[in-house]
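**Q** Give me the fold of what follows.
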Amino acid sequence: MDEDRLAKGLSIRSEVLGADYVARSMAQADDFSRPMQELSSSYCWGEIWARDGLSRRDRSLLNLGMISALNRPHELKLHVKAALRNGFTREEIREALLQVAVYCGIPAGIDFTRIAQAAFAEYDAELAE
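**A** Take a look at the predicted model:
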């Protein structure tokens, strides 16, 4: 594994997802899960998120849509908070999720909205700490 790309990826991942979250994820990694954490940090964050072609804000918007469409609730909550860190307002996140709901279905949209509300509450609690 390219250690420079991993270090860059961990830095970007920490900025976008929150340093505490990334530190916990890495600390909890064991021999089985550590390679996945390193792959995600190096490839996803150190290679793709580090590229200049899209802003972090643009990448967040894409992630909200894709993760919603793939029905990945844990990742959606994480990326709603990331979108807030990347400059989105709650209203913009709501509009993105409404757009996704039209194409993925209203029941999914209701789930997305509940997940976003929980993410907002967690984000607010993190800021209050």
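
**Q** mind listing the strands for this protein?
**A** With strands called from DSSP state E, the chain shows none.

**Q** Most distant residue from the centre of it?
**A** The C-alpha centroid of the chain is most remote from Asp31, which lies 23.9 Å away (C-alpha atoms, centre = their mean).

**Q** residues touching the residue nearest the centre of the chain, list them.
**A** Central residue of the chain (C-alpha atoms, centre = their mean): His79, 2.7 Å from the mean position. Taking C-beta atoms under 8 Å, 6 or more residues apart in numbering, we find His79 in contact with Ser60, Asn63, Leu64, Ile67. For the C-beta atoms, the positions are set from N, CA and C on the backbone; glycine is no exception.

**Q** residues in contact with the third one?
**A** With contact taken as C-beta under 8 Å, 6+ apart, Leu64 is in contact with Leu76, His79, Val80, Ala83, Ile93, Ala96, Leu97, Val100.

**Q** pretty sure the fourth one contacts Arg94?
**A** No. Between Ala83 and Arg94 there is no contact under C-beta atoms under 8 Å: 11.0 Å.

**Q** Can you spell out the domain ranges of this structure, please?
**A** 1-51, 53-129 (automatic domain parsing).

**Q** mind checking the end-to-end distance for the longest one?
**A** Right, domain 53-129. In domain 53-129, first residue to last residue: 34 Å (C-alpha to C-alpha, to the nearest Å).

**Q** Alright, that wraps it up for me.
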